[in-house]
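Peer 1: Show me how the following folds:
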Amino acid sequence: MPTIQWYPGHISKAERQLKEQLNRVDVVLEVLDARIPLASHHPQIPQWIGQKPRILVINRVDMIPESVRQQWLSWFTHNNETPYFTNAKQGTGVKAILKAAQQTGVAMNERRRDRGMRPRPVRAVVIGMPNVGKSALINRLLGRKIVESARRAGVTRQLRWVRISEAIELLDSPGVIPGKLENQKDAAKLAICEDIGEAAYDNQEMAAILVDLLVELNFEQILPSRYQIDPLDMSGEEYVHALGYERYQGDLERAALQLLNDFRKGFMGAIPLEFPPDVKA
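Peer 2: Model (predicted):
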């Protein structure tokens, strides 16, 4: 497993600013990638937010099968979590999140009234790893494009408050990532799903790990049907070489990017890279 570390200066700065702003926040929207809900969870977020209400958003639900969504729903529910599944790009599931955030505001303003204070909009923050769909979610919550969104890590660079309605104000924050990625298998999943900056990894190594993961998770049949090369009698690294020499005149980088982009854009189909613990593919 290659070593992947990525902690650019803008993320370090944003993390410091985010911690300062969290005191002003009433509710936290944590956004995870549906293909890798565990690997895309920042382990320090529970510590940062303490007892604040948290709305768990599992984005890119269109990129996993419905059966896997049901498995994650059962697993999170069993662990006393209420997951909200969204496709922020298309707007699916966003209204339920808005309603949940507004409910938090009702409870907050009841407490303010009890203390003789005037009601105010609920203040929410959107937190998550880079490129999990935070900006796309905010644009859907607003009903218009106000923050830049793109299919790469590191687009949002600064914190900013935006008003959704008279009832909700939202803090958009850059993606946050641990200063050190302890679990390198999870780091590779982040790289494959493009939830980490491309400077942190080698495309050929990640493509090889993707092939190995597809075999491990019983999705290997996708590869021969798409590329006419069976992965079962070779390693992921050998597969990238075989694809490069068979299709691209030995250009291994082109072969690696083909594999990664076909997965990232959904051309291979709806494929999760994680299942709930104790649930097999």
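
Peer 1: okay, now Arg118: neighbour count?
Peer 2: A total of 7 residues lie near Arg118 under the criterion other C-beta atoms under 10 Å. No exception for glycine: its C-beta is placed from N, CA and C like everyone else's.

Peer 1: Also Asp186?
Peer 2: Neighbour tally, Asp186, other C-beta under 10 Å: 20.

Peer 1: and if you look at His42?
Peer 2: Count around His42 with other C-beta under 10 Å applied: 18.

Peer 1: which regions of the stretch 1-150 of the chain sit below the pLDDT cut-off?
Peer 2: Residue ranges of the stretch 1-150 of the chain with pLDDT under 70: 1-2, 146-150.

Peer 1: likewise the stretch 151-281 of the chain?
Peer 2: In the stretch 151-281 of the chain, residues with pLDDT under 70: 151-158, 279-281.

Peer 1: what ranges do the helices span in it?
Peer 2: 184-192, 203-216, 222-227, 236-247, 252-264 (DSSP state H, counting those that start in this stretch).

Peer 1: Let's have those helices in JSON lines, adding distance to Gly9.
Peer 2: Supplementary listing: the helices of the stretch 151-281 of the chain in JSON lines, determined by distance: least, C-beta to C-beta, whole Å:
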{"stretch": "helix 184-192", "distance to Gly9": "19"}
{"stretch": "helix 203-216", "distance to Gly9": "24"}
{"stretch": "helix 222-227", "distance to Gly9": "38"}
{"stretch": "helix 236-247", "distance to Gly9": "32"}
{"stretch": "helix 252-264", "distance to Gly9": "26"}
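
Peer 1: Can you say which of the ones you listed is nearest to Thr92?
Peer 2: Nearest to Thr92, of all these, is helix 252-264, at 19.3 Å by C-beta to C-beta.

Peer 1: list the buried ones in that closest one?
Peer 2: Within helix 252-264, the residues that count as buried by 16 or more other C-beta atoms under 10 Å are Leu252, Ala255, Ala256, Leu257, Gln258, Leu259, Leu260, Asp262, Phe263, Arg264.

Peer 1: so what are the domain limits for this protein?
Peer 2: What automatic domain parsing lists as the domains of the chain is 9-172, 202-264.

Peer 1: Figure out which of those is closest to Ala270.
Peer 2: Taking these one by one with C-beta to C-beta, domain 9-172 is closest: 5.0 Å.

Peer 1: surely Met108 meets Asp26?
Peer 2: Yes - if you go by C-beta atoms under 8 Å, Met108 and Asp26 touch, sitting 5.1 Å apart.

Peer 1: Give the residues shared as contacts by these two.
Peer 2: Val122 (C-beta atoms under 8 Å, 6 or more residues apart in numbering).

Peer 1: which one of the buried residues of helix 252-264 is nearest Pro231?
Peer 2: Nearest to Pro231 among the buried residues of helix 252-264, with distances taken as C-beta to C-beta, is Leu259, at 10.6 Å.
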